[in-house]
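K.L.:
what's the 3D shape of this:
(chains A, B, C and D)
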Protein chains: 2
Amino acid sequence: MSAAATPPLSAPVEDYLKAIYDLERIGAPASTNDIADRLAISPASVSGMMRRLAEQRLITHEPYRGVRLTGAGRKAALRTLRRHRILECYLIEVLGYEWDGVHDEAERLEHAASDELIERMAARLGNPTQDPHGAPIPTRDGRVEEAPLRTLAGAAVGERVRVRRVQDEDAERLRYLAELGIRPGALVRILDRAPYDGPITLWVGENTGTTRAIGVGLAAEVFVEPRGPEERTERNVSCPGSDEPRATRRST
Amino acid sequence: MSAAATPPLSAPVEDYLKAIYDLERIGAPASTNDIADRLAISPASVSGMMRRLAEQRLITHEPYRGVRLTGAGRKAALRTLRRHRILECYLIEVLGYEWDGVHDEAERLEHAASDELIERMAARLGNPTQDPHGAPIPTRDGRVEEAPLRTLAGAAVGERVRVRRVQDEDAERLRYLAELGIRPGALVRILDRAPYDGPITLWVGENTGTTRAIGVGLAAEVFVEPRGPEERTERNVSCPGSDEPRATRRST
DNA sequence: AAAAATGTTTAGGTTACCCTAAATATCCGC
DNA sequence: GCGGATATTTAGGGTAACCTAAACATTTTT
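P.N.:
As a prediction, this is how the structure comes out:
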């Protein structure tokens, strides 16, 4: 009945929707400034785009209050997110990209790839449910389970946690986290926290491991799950490298 | 010394350059109208774009006379062509696309893929030198050997020719040619030509084969090479399906 | 060689995005 | 509950790409 042939969205529009989705996920309606920051665009430009998106019923906009995705907007955002994350998996698993190098490539391809291409890639990968950074991959029909994870910045001294996901935007930071051994699947114990938002000292590793220190800023980009008494055995199908820590990723 | 970091070209600009390259390849300088036809854009818009391209030193433009690519323009066109053709190979060989379905996908991806991605795909394919439709793939440094091929429309009755390349723009037509058995590598004998640009009757096949008829319009999109006494044995590295005819491509 | 047909360019307009600067609304501390 | 800080929107501009209609140049026909 419905399923009105959705007019194709421009690349900027898809980027806005993704950004709004991500901001909404954290908390309240997305504010103009937050969106502007995230997309590195002036707030004035965001205001203009919000009007256009609202006209297209992709968001609802209460002036001075922020915006929320509508059903259609959410669907579009999840579609883009699916593309992005499948592309990341594919680039790493099939074409040998590094963990920290996929984001930008996927960012461009996600706007150009057809649904057919994405589904062929997904099939080829065995329909993964999370990307290499631990982010869940929405299904074709727009379902995601966004696990409400805490971040490493919020973990208490003495706690043992399992890294589940890291923010993937910044290649530099990702490379640094990889050096520290902090990637999805890694086990971390919080040894110490310096006061006044000082560095957090960690033990990274399963049995053998190392001591590392990390700033609160970076720690806030690492999502973790408390390591329960009996860890969940039901694991997601995912890209290699996104789960259990592996002995050697780089041969150096 | 030179190698000035080329500013990235927009997708439309890349499309114009490709079109001009292709038109120039046939014959004289590309005319405004030809470019407009090929890109399905109004001649007035083409005029405007020609001004911009000339400013950027990608073409030289003699008003009312047509345009020619400069060195830089040619280089850019070949870069895009390389991307397009490698993508087509990759989509067919690795992701299972059909012969007739790759063009549009490649057309979009060629503007978004990084050089790194293209080279990874090329490596994965063993650096092919022609695409699935028989078109030569320019090298990374912008070299191509454009074999000066004749078309099936220009072949004489009684001649035996080898199909080397077909135009890949139109999926419909490609599908039809595939049905006829006309693909790169196929052997064809011209049995008859009806007068007044009437249909051409062909024998398609190596030893066993079939009789088929084809209009002059379509025949002009099929590039052939006379089957010499001793056929060249030095064959190009290429995508499967782009060469020697294979028993079954589709299982139907 | 003038008229007709064809091909090309200019003139003027539209849309989607972006920007800076200025105006305006909301929030927060006192 | 007022005044300043902060957040948001409006006003006014810019660019790239497209369009149609009209003007102009070239080629072809008679």
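
K.L.:
you'd agree residue A:213 is in a strand?
P.N.:
Yes: counting by DSSP: H, G, I helix; E, B strand; the rest coil, residue A:213 falls inside a strand.

K.L.:
distance of the residue of the stretch 51-200 of chain A found nearest DNA strand D from residue A:6?
P.N.:
Closest residue of the stretch 51-200 of chain A to DNA strand D, C-beta to the nearest atom of the strand: residue A:63 (3.8 Å). The C-beta positions use only the backbone N, C-alpha and C, and glycine is treated the same way. Relative to residue A:6, residue A:63 is positioned 27 Å away (C-beta to C-beta, to the nearest Å).

K.L.:
any low-confidence regions in chain A?
P.N.:
Scanning chain A for pLDDT under 70 picks out A:1-5, A:228-252.

K.L.:
all strands for it, in order.
P.N.:
A:59-62, A:66-69, A:150-151, A:160-166, A:187-193, A:200-204, A:210-214, A:222-226 (DSSP state E).

K.L.:
Residue B:54: which of these is closest?
P.N.:
Of all the strands of chain A, strand A:59-62 sits nearest to residue B:54, with 42.1 Å by C-beta to C-beta.

K.L.:
Partner strands of that closest one and their direction?
P.N.:
strand A:66-69 (antiparallel) (DSSP bridges).

K.L.:
Would you mind pulling the contact partners of the partner strand?
P.N.:
With contact meaning C-beta atoms under 8 Å, 6 or more residues apart in numbering or on different chains, strand A:66-69 is reached by A:17, A:20-21, A:24, A:28-32, A:35, A:50, A:53-54, A:58-61, A:77.

K.L.:
quick revisit: okay, the strands of chain A in a markdown table with mean neighbour count and distance to DNA strand C next?
P.N.:
Below are those laid out as a markdown table (neighbours: other C-beta atoms under 10 Å in any protein chain shown; distance: least, C-beta to the nearest atom of the strand, whole Å):
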| stretch | mean neighbour count | distance to DNA strand C |
| --- | --- | --- |
| strand A:59-62 | 17 | 9 |
| strand A:66-69 | 21 | 10 |
| strand A:150-151 | 16 | 23 |
| strand A:160-166 | 21 | 26 |
| strand A:187-193 | 18 | 26 |
| strand A:200-204 | 20 | 27 |
| strand A:210-214 | 15 | 30 |
| strand A:222-226 | 21 | 27 |
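
K.L.:
Make CSV from those strands and add distance to residue B:133 to it.
P.N.:
Formatted as CSV, those follow (distance: least, C-beta to C-beta, whole Å):
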stretch, distance to residue B:133
strand A:59-62, 43
strand A:66-69, 42
strand A:150-151, 51
strand A:160-166, 43
strand A:187-193, 52
strand A:200-204, 52
strand A:210-214, 53
strand A:222-226, 47
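
K.L.:
right, so of these, which gets closest to residue A:114?
P.N.:
Nearest of the strands of chain A (C-beta to C-beta): strand A:66-69, 23.5 Å.

K.L.:
so how far is chain B from residue A:162?
P.N.:
In this view, residue A:162 and chain B are 32 Å apart by C-beta to the nearest C-beta, to the nearest Å.

K.L.:
for residue A:144, same thing?
P.N.:
According to C-beta to the nearest C-beta, residue A:144 stands 25 Å off from chain B.

K.L.:
what about that residue, neighbour count?
P.N.:
17 (other C-beta atoms under 10 Å in any protein chain shown).

K.L.:
Could you list the residues of the stretch 1-150 of chain A in contact with chain B?
P.N.:
A:91, A:94-97, A:104-105, A:108-109, A:111-114, A:116-117, A:120-121, A:124 (C-beta under 8 Å from any C-beta of the partner chain).

K.L.:
Derive a PyMOL selection command for the buried subset of the residues you listed.
P.N.:
Here is the PyMOL selection string for the buried members of the residues of the stretch 1-150 of chain A next to chain B, based on 16 or more other C-beta atoms under 10 Å in any protein chain shown:
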select buried, chain A and resi 91+94+95+97+105+108+109+111+112+113+117+120+121+124
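
K.L.:
Just the ones in helices from the residues of the stretch 1-150 of chain A next to chain B, please.
P.N.:
Members of the residues of the stretch 1-150 of chain A next to chain B lying in helices (criterion: DSSP state H): A:91, A:104-105, A:108-109, A:116-117, A:120-121, A:124.

K.L.:
And those residues, which two are furthest apart?
P.N.:
For those, with distances taken as C-beta to C-beta, the pair at the greatest spread is A:104 and A:116 (23.5 Å).

K.L.:
right, and residue A:203 touches residue A:182 too?
P.N.:
No: using C-beta atoms under 8 Å, residue A:203 is not in contact with residue A:182; the gap is 11.7 Å.

K.L.:
intersection of neighbour lists for these two?
P.N.:
With C-beta under 8 Å, 6+ apart, residue A:203 and residue A:182 have common neighbours residue A:188.

K.L.:
re earlier: looking at the ones in helices among the residues of the stretch 1-150 of chain A next to chain B, which one is closest to residue A:177?
P.N.:
Proximity to residue A:177 was ranked across those by C-beta to C-beta; first place goes to residue A:104, at 17.0 Å.

K.L.:
which one is residue A:210 nearest to, not counting chain neighbours?
P.N.:
Nearest residue to residue A:210, sequence neighbours excluded (C-beta to C-beta, 6 or more residues apart in numbering or on different chains): residue A:204, at 5.8 Å.

K.L.:
same question, residue A:156
P.N.:
Residue nearest to residue A:156 in three dimensions, not counting chain neighbours: residue A:190, with 6.6 Å by C-beta to C-beta, 6+ apart.

K.L.:
contacting residues for the one you found?
P.N.:
Contacts for residue A:190 (C-beta under 8 Å, 6+ apart) come out as A:152, A:155-161, A:200-202.

K.L.:
Residues in a beta bridge with it, which ones?
P.N.:
Bridge pairing for residue A:190 (DSSP bridges) gives the partners residue A:202.

K.L.:
Distance-wise, check it relative to residue B:162.
P.N.:
Residue A:190 is 71 Å from residue B:162, where distance means C-beta to C-beta.

K.L.:
mind checking the end-to-end distance for stretch A:39-46?
P.N.:
One end of stretch A:39-46 to the other measures 9 Å (C-alpha to C-alpha, to the nearest Å).

K.L.:
For it, report the contacting residues that lie outside it.
P.N.:
By C-beta under 8 Å, 6+ apart, stretch A:39-46 touches A:15-16, A:19, A:32-33, A:35-36.

K.L.:
what's the closest of these to residue A:83?
P.N.:
Residue A:83 has its nearest neighbour among the contacts of stretch A:39-46 in residue A:15, at 12.2 Å by C-beta to C-beta.
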